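S.K.: Provided below for reference: sequence and predicted model.
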Amino acid sequence: MLEAITWTHYFSAMAICLPLYYLGVAVYYYPKEIRGLLSGNSIRFSPLGLQENQKSQTSTEINRVDLYEELETTVAELNRILRKAGTTTAKEQLFQLLHQLLSNHPGLRDPAFRNAITNFLSEHIPKTNRIPIIDSDLDSLWET
């Protein structure tokens, strides 16, 4: 019986069956996306249920990602201020600039971010500005 099926018949059947199979899979697993596609909306495909998991992501996780981005931009700004100030800027002026910058980022008052910024400053201020600093100087930056 199988000798009666030629390769042409086999490939013709596959050309018809495979698209129907994958269409069935798409309809079963991506019904919302297909409806959106048919209505003309641009969409991103994700498996059924994954969208709900992404929507249920807590706001703290989203805020945490935003805080990391804010930390990166703050460190870049601090680095820019330290380079710009150079060795000619007085300690009081430098700390006033740093205090102004840090007061614009209240989300970074979390102890982990605060320690990261304090460690960055304690390492880079003596290198770039040749100003001796102590921990109380850095703690004064966080006072409002």
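M.R.: Looks like it arrived, so ask away. Numbering: from 1, shown residues only.

S.K.: in terms of secondary structure, what does the helix or strand where residue 99 lies contact?
M.R.: Taking DSSP states H and E as the definition, residue 99 sits inside helix 91-103. Using 3 or more Cβ pairs under 8 Å, 6 or more residues apart in numbering; DSSP states H and E as the contact definition, the elements that helix 91-103 packs against are helix 59-85, helix 111-129, helix 135-140. For every residue, glycine as well, the C-beta is placed using N, CA and C.

S.K.: if we go to 6 Å?
M.R.: Counting contacts by 3 or more Cβ pairs under 6 Å, 6 or more residues apart in numbering; DSSP states H and E, helix 91-103 is packed against helix 59-85.

S.K.: quick one: distance of the helix it packs on to the chain centre.
M.R.: Its chain's C-alpha centre and that of helix 59-85 lie 12 Å apart, by Cα atoms, centre = their mean, to the nearest Å.

S.K.: cool, and stretch 76-88?
M.R.: 26 Å.

S.K.: what residues does that stretch touch?
M.R.: Contacts to stretch 76-88, defined as Cβ atoms under 6 Å, 6 or more residues apart in numbering, come from residues 94, 97, 101, 124, 128-130.

S.K.: rewinding a little: which other residues reach the helix holding residue 99?
M.R.: 77, 81, 85, 131, 141.

S.K.: okay, those residues in CSV with neighbour count, distance to residue 111 and pLDDT next?
M.R.: Converted to CSV, these look like this (neighbours: other Cβ atoms under 10 Å; distance: Cβ to Cβ, whole Å; pLDDT from 0 to 100):
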residue, neighbour count, distance to residue 111, pLDDT
77, 15, 21, 88
81, 17, 23, 87
85, 18, 27, 83
131, 16, 25, 81
141, 18, 14, 80
